[in-house]
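**Q** Fold the following, please.
(chains A and B)
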Amino acid sequence: MTRKSVLIAGLVFISLMYLVNAGCRKLEVVEKTTSDVNIVGYLDKNLDSFSLFKQILEKTGTASFLNAYGSYTCFAPTNSGVKTYLKNIGASSVETADMATLKDMVRLHLLEDTIYTNSFTDGKLPVITMYGQFLITSVVNTSGVSSYVINRQGAVVKSNIRVGNGIIHAIDQVLTPATRTISQQLESKPEYSIFVQAMKETGYFARLNVVDPDLSKRWITVFAESNKALADSGFATYAALKARLSKTGNPTNPKDSLNMYVAYHISSGLKFLGDIITVPTHETLLPQEVVSIKLIDQDVVLNEDEFNGVVEKGVKITREKSDIAATNGVVHDVAAHYRVKFRKPTALYWDVSSFTEIKKLPAFYKKANYNFTRATEADNPIKDHYWGWGPLAGTNVMTYTYSTSSSITNFAVNNDVNMLPLGLPNRPVFWEMRTPPIVKGKYKVWICYRAQKQSSSSNMLCQVEVNGTLMQRTMNFTDNRPAGTDAELEAIGWKRYTENVTNVFAARQVGVIDFLTTQQQIIRITPLNGTQNNNNLDMIQFIPIDQNQILPRFRPDGSLLFQ
Amino acid sequence: MKIYFKYAFALMLVTALGGCKKYLELKPIDGIIKQEFWKTKEQVRASVFGIYSSMMEPSSRSYSTQDYIPSMTELFFVWGESRADNVANATASSRDDIDLVNMNTQPTNVNVNWRPFYRTINFCNTVIEKAPEVLANDNTFTQAQLDNYLSEALTIRALMYFYLVRSFGDVPLKTDATLSDENIKPIPKSTQAQVLNQIVADLKSAESKAVKTYGDVDSDKGRVTQFTINTILADVYLWMDKFPEAIVECDKVINSGKFGLIRGATRNGSLVEYNESWFNTLYVDGNSNEGIFELQFSVQRLNPFFPIFSASIPARRWTASADLIERVFSLDLNDDKNIDIRGDRGSVNAATSTIWKYIGASPTTQRSFDQSFAHWFFYRYADVLLMKAEALNESGNGRDALDLVYRVRARANALAATDLAPSPTDKNLIQDFILEERAREFCFEGKRWYDVLRNAKRKNYARLGILLNTISQSVPSNLQQSAQAKARDVNSHYFPIYLYEMQTNKLLVQNSFYK
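**A** Model (predicted):
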């Protein structure tokens, strides 16, 4: 063998080794797109805290689906919490516990959505649990440390743990569902005995004692009056209450005042305090009657309303005794007795240009013009006046017009009008206002304006809708009041609403509306034909149909003229 | 012959290597390195100015995304106002901004990113560490000049830590410079008290080194003087509940005779005469006789506020709270000529709830985008007066405290409806009065939350109610009870540490409230 051949053999051998080695290298195949653990994976990694809950998930057969793709929120109770829970249900270990109970328990701890703590409010969570009851959240401060508390049972010890298929919030106690209906809840508390008695005799007790399988019909909210609240109003016994209210002798009759009293305390829907205060009025089971809700400082107050400038004191909800969850709803405690108020329909002579926002500007209110400009569609400078965004951005200006001398406002009520451009293609597409509260009943609706044409050819024909109901007549901001006597004019739907007789100050009766509930109503003016800037709205009058439609008239100083 | 070649070859090699010298050098061609810096006094001066400039850095990356890094000036505002009752979210507020108002701050909230502050702190640390070396290199650089520059770096560092400590409670205290990657090492948090002690020590040492004046107004208001230091010290002492010390520091500023209040209004019987140029002198032009320390934004360096506040663009983030005028300044419905000049068209444009202080070009016209360089007001003389009033009241001298408050009120024609008229012995009511006056005087100047917290936490949170009321004003009604219950946990008054910091510095421990 020559030196050369040894060299070649060596080279071949080495190259072979390379090839062999390359073949030996283990190919790393990435099978997962992420190394994030899922809900069960997280529990597995933290067995010292969650081993018992993990066992429960396995026993109930939920572990596998919680380890699969999805988006869940899981309230995971720690071991100490589960131990307490097992003791309470009389089981010595997870193995011996009742399967059905455990399944319910797991379902109550799971939501089919990801809910971070910044969605927690003073009320219920936005998503229902798989068990079919809502969880409520709050924050509780114990010896200086504040924590989120779920269902008033378990405090959150670690929040917003992001895992592959959702979020975990660790809690220190197991959550237990409400087991009693509203009726049972109230019956179990002797302090509501009079109210419960009234519920029984009016038939509402039975109605609130069932859990409707239809989720959309199940939930009921009750404002219960305690015996003390009733006693404060002079009803020490049920007999006294019945004697005062029940006039038909049959409390189950919906026309009986006792029945109406109970119905007025019940509202459909699941409304915890945190949910109640986000909506200003709530319908009750008493047809077309609402309770209004206000947050005054920290108190939730029912039915505190202003009618014709008079504030009627409301009734406070006792926070500590409220938000009592039941299987079919929630119970709140009201601090005092309240009943439906029957009000006669009263006329509302609404000067639209005396809204809060302009009153806050004393340099302009009843002094000078002021432009309320919306820079963008999202802007909303005036709470109760709103308009559909005009395609030409610069037309989105409502002018508070004031002058004692200008011919536009010299005879207008309080010498001021609101002016808003209207009409396609460029100007705002509707003009919407929220009235002060109007008592339910039938009203004629009068639009009072100062007619003006931006140019001689201008036309501004509009339709009016009240609470979404289209009014029978149209009105036109460019039309002057026709000539004729008051009676003649009223017959054709016109009147003079100002003291001055100039025919540019016109009131057009657009139709009759039947308000079913006593509340703030919505009126909307929509342009049908024509477009211009100078739409001068002075007043909107809602006058009960059986009252004088023509008088009173108004002077420029705002005073009323009854002849 | 052969040997001759060898020598020739060796010679060529040597010369060739010589030619390589530049090529092998690893210095950057477009910058200057540490070894070549810190040689002249001009470089020290540039570094010190860099500290001020770093406070005016703009934000980076896009708002409303998770990697947004707010600018420091923006954070001055957001930290000082968002959780209190003078501001409200606007149409374009991000989830993070809304969460601040709702007391729902999470460690992922971009507004708790303290990066701009530690960046400026590092600039200060660098000057403090390296500037003394220049003495040896530059013979024209005097000890007095060095001291002067050091006083500026020490003061800004103290101010930065003061913001951090008030916002986060315990924070990492770093007083040496991070000059290269080798200096990066995790450091744990120091307690609030330790950091405050460092702040006081720094300010004390700076005071003796600082100048009284630089000889021109812009530098006196835009750079650190002795009076800047005295004012910051007074604020720090108030925070630490050291009232006699705070009074001493306030008096140094007051007795200097160099500052005064810009007259806004003079009442003559039932008539009020207003100084038409008050808003422009104090806020639009800045550097007025009243200014003590202002961040000098200019045409070259715009402030970040135009897009944040302006009602003329769709994406504003913060507005004044809707009831600000009635609740804070009040209105005289009978006489529209009787106004608090700090209210409508002073701090706020009431009709559109626009925060006006930084975007008004005059009481009635708005700045354009390229004119958005209103200064950021760290301290004004009114602050010194009201800080002294607070310290006097806490030391039991209610009468003198009230005199100072009425002095500030008179210049602005504060309305009678906001005069709580406390008796000189009613300490709590005077405290409320001063706090309310500060809300009017420093509306949107990034002080409200710190004022509320300082007063609430005093004497072991004896008046926590102040803070709870403030919060219930601004959170939405369906979160009110939760927010109040959270605020009863005093740890909730301080921000969580930003998640990124927690991940990179393993020695940090998260604020226990944010579990």
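**Q** Could you use CA atoms for every contact and neighbour count after this?
**A** Will do.
**Q** Excluding chain neighbours, give the residue nearest to A:Val40 in space.
**A** Leaving aside its sequence neighbours, A:Val40 sits nearest to A:Asn67 (C-alpha to C-alpha, 6 or more residues apart in numbering or on different chains; 5.5 Å).
**Q** wait, what's in contact with the one you found?
**A** A:Asn38, A:Ile39, A:Val40, A:Gly41, A:Asn165 (C-alpha atoms under 8 Å, 6 or more residues apart in numbering or on different chains).
**Q** Grab the most central residue of chain B for me.
**A** Nearest residue to the geometric centre of chain B (C-alpha atoms, centre = their mean): B:Phe76, 4.8 Å.
**Q** Okay, and it sits in which element?
**A** In this structure, B:Phe76 sits in helix B:72-81 according to DSSP states H and E.
**Q** Which elements pack onto that helix?
**A** Applying 3 or more C-alpha pairs under 8 Å, 6 or more residues apart in numbering or on different chains; DSSP states H and E, we find helix B:72-81 packed against helix B:448-461.
**Q** now the helix it packs on and helix B:72-81, what's the angle there?
**A** Angle, helix B:448-461 to helix B:72-81, by axes from the mean of the first three to the mean of the last three C-alpha atoms, to 10 degrees: 50 degrees.
**Q** touching chain A at all, helix B:448-461?
**A** No: on the criterion C-alpha under 8 Å from any C-alpha of the partner chain, helix B:448-461 is out of touch with chain A, staying 11.1 Å away.
**Q** What is the distance between that helix and the centre of its chain?
**A** 18 Å (C-alpha atoms, centre = their mean, to the nearest Å).
**Q** Which strands or helices does it pack on?
**A** helix B:72-81, helix B:427-441, helix B:464-474.
**Q** In a markdown table, list those along with mean pLDDT.
**A** Shown next, in a markdown table, are these (pLDDT from 0 to 100):
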| stretch | mean pLDDT |
| --- | --- |
| helix B:72-81 | 95 |
| helix B:427-441 | 94 |
| helix B:464-474 | 89 |
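**Q** next structured bit after the helix holding B:Phe76?
**A** Downstream of helix B:72-81 (by DSSP H and E), the next one is strand B:87-89.
**Q** I'd like to check what contacts whichever helix or strand comes after that following strand. Which residues are they?
**A** The helix or strand immediately downstream of strand B:87-89 is helix B:95-101, counting by DSSP H and E. Helix B:95-101 has contacts (C-alpha under 8 Å, 6+ apart) with A:118, B:64, B:82-84, B:88-89, B:105, B:109-111, B:474-475.
**Q** could I have helix B:95-101 exported to PDB, CA atoms only?
**A** In PDB, the C-alpha atoms belonging to helix B:95-101 read as follows (Å, rounded to 0.1, in the frame of the first residue of the first chain):
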ATOM      1  CA  ARG B  95     -58.200  51.200  27.000                       C
ATOM      2  CA  ASP B  96     -55.100  52.000  29.200                       C
ATOM      3  CA  ASP B  97     -56.100  55.600  29.700                       C
ATOM      4  CA  ILE B  98     -59.700  54.600  30.600                       C
ATOM      5  CA  ASP B  99     -58.400  52.000  33.000                       C
ATOM      6  CA  LEU B 100     -56.400  54.700  34.900                       C
ATOM      7  CA  VAL B 101     -59.600  56.700  35.500                       C
END
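**Q** gap between that helix and the chain center?
**A** Worked out by C-alpha atoms, centre = their mean, helix B:95-101 lies 20 Å from the chain centre.
**Q** swap in stretch B:344-355?
**A** How far stretch B:344-355 lies from its chain's middle: 22 Å, per C-alpha atoms, centre = their mean.
**Q** Next: stretch A:306-324.
**A** That offset, for stretch A:306-324, works out to 17 Å (C-alpha atoms, centre = their mean).
**Q** just stretch B:212-224 next, same as before
**A** With C-alpha atoms, centre = their mean, you get 18 Å for stretch B:212-224.
**Q** re the thing from before, contacts for the helix holding B:Phe76?
**A** B:55-59, B:87, B:111, B:116-117, B:167, B:303-305, B:376, B:444-450.
**Q** what secondary structure does whatever residue of chain B ends up closest to chain A sit in?
**A** Closest approach between chain B and chain A, counting by C-alpha to the nearest C-alpha: B:Asn478, at 4.4 Å. Secondary structure, DSSP: H, G, I helix; E, B strand; the rest coil: B:Asn478 is helix.
**Q** all helices for the stretch 101-250 of chain B, in order.
**A** B:115-137, B:143-168, B:192-209, B:217-222, B:226-239, B:243-256 (DSSP state H, counting those that start in this stretch).
**Q** what would these look like in a markdown table with mean neighbour count and mean pLDDT?
**A** Shown next, in a markdown table, are the helices of the stretch 101-250 of chain B (neighbours: other C-alpha atoms under 10 Å in any protein chain shown; pLDDT from 0 to 100):
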| stretch | mean neighbour count | mean pLDDT |
| --- | --- | --- |
| helix B:115-137 | 20 | 94 |
| helix B:143-168 | 23 | 95 |
| helix B:192-209 | 19 | 95 |
| helix B:217-222 | 19 | 94 |
| helix B:226-239 | 25 | 96 |
| helix B:243-256 | 18 | 95 |
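**Q** Any chance of JSON lines for the ones you listed, columns distance to chain A?
**A** Formatted as JSON lines, these follow (distance: least, C-alpha to the nearest C-alpha, whole Å):
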{"stretch": "helix B:115-137", "distance to chain A": "24"}
{"stretch": "helix B:143-168", "distance to chain A": "17"}
{"stretch": "helix B:192-209", "distance to chain A": "19"}
{"stretch": "helix B:217-222", "distance to chain A": "35"}
{"stretch": "helix B:226-239", "distance to chain A": "21"}
{"stretch": "helix B:243-256", "distance to chain A": "27"}
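**Q** closest to A:Asn227 out of the ones you listed?
**A** A:Asn227 sits nearest to helix B:143-168 of all those, at 49.3 Å, using C-alpha to C-alpha.
**Q** tell me the angle the closest one makes with helix B:226-239.
**A** Between helix B:143-168 and helix B:226-239, the angle comes out at 30 degrees (the same axes, to 10 degrees).
**Q** by contact count, what packs against helix B:143-168?
**A** helix B:41-54, helix B:115-137, helix B:192-209, helix B:226-239.
**Q** quick one: the third one to helix B:143-168, angle?
**A** What it means is helix B:192-209. Going by the same axes, to 10 degrees, helix B:192-209 makes 160 degrees with helix B:143-168.
**Q** Residues in contact with helix B:192-209: which ones?
**A** With C-alpha under 8 Å, 6+ apart as the criterion, helix B:192-209 contacts B:144, B:147-148, B:150-152, B:154-155, B:158-159, B:161-162, B:165, B:169-171, B:173, B:226, B:229-230, B:233, B:236, B:240.
**Q** if you set the cut-off to 7 Å instead, what comes out?
**A** Contacts to helix B:192-209, defined as C-alpha atoms under 7 Å, 6 or more residues apart in numbering or on different chains, come from residues B:147-148, B:151, B:154-155, B:158, B:161, B:165, B:169-170, B:173, B:226, B:229, B:233.
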